[in-house]
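[1] Have a look at this prediction, sequence included:
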Amino acid sequence: MTPTDRKYTKEHEWLLIEGNTVKIGITDHAQEALGEIVFVELPGVGDEFEIGDSFATVESVKAASSIYTAAKGKVIEINEKLDAEPEAINQDAYANYLVVMEFSEIDESQLMSAAEYDEFVKSEE
């Protein structure tokens, strides 16, 4: 079940917006497509990104995938647990965020509700 408390992108990322911060992760569909995740490369705290920038890389036994942001802002927290346990994303993609950003802008036109995202995923199959 796709959580309804966040927004989704066509690149299979989720955004949980809380005030002026946003947690960003990859969807269950994305982790399933990647397969066994073996490494996650995250940015540094304080790094700044523009909308559309690649800010992280998730590597699996199959492929490496760049992760893009629909938010403009500064990284204020990274999920350090993923350094030692990248496979945590496979276990629960929605509980294991990549970063928390303090944002100044979010491209709402790129975002979908959970229902819209589920329809999008079905249309890709």
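    Perfect, thanks for sending it.
[2] Which parts of this structure are strands?
    Using DSSP state E, the strands of the chain run over residues 7-8, 13-18, 21-26, 37-41, 48-49, 54-60, 64-68, 71-78, 99-106.
[3] quick one: low-confidence ranges for this protein?
    Scanning the chain for pLDDT under 70 picks out no residues.
[4] Show me what counts as buried in the longest helix seen in it.
    Assignment by DSSP state H gives helix 114-124 as the longest helix of the chain. For helix 114-124, burial by neighbour count (16 or more other C-beta atoms under 10 Å) applies to A114, Y117, V121. (C-beta placed from N, C-alpha, C; glycine too.)
[5] Looks like the first one contacts T4 (just checking).
    The one in question is A114. Yes - counting by C-beta atoms under 8 Å, A114 touches T4, with 4.5 Å between them.
[6] Nearest to A84, out of the strands of the chain?
    strand 37-41 (10.3 Å; C-beta to C-beta).
[7] what's the distance between that closest one and the middle of its chain?
    Offset of strand 37-41 from its chain centre (C-alpha atoms, centre = their mean, to the nearest Å): 13 Å.
[8] Residues touching it, excluding its own?
    31, 56-61, 82-83, 86-87, 89-90, 98 (C-beta atoms under 8 Å, 6 or more residues apart in numbering).
[9] buried set for that strand?
    Applying 16+ other C-beta under 10 Å to strand 37-41 flags I37, V40, E41 as buried.
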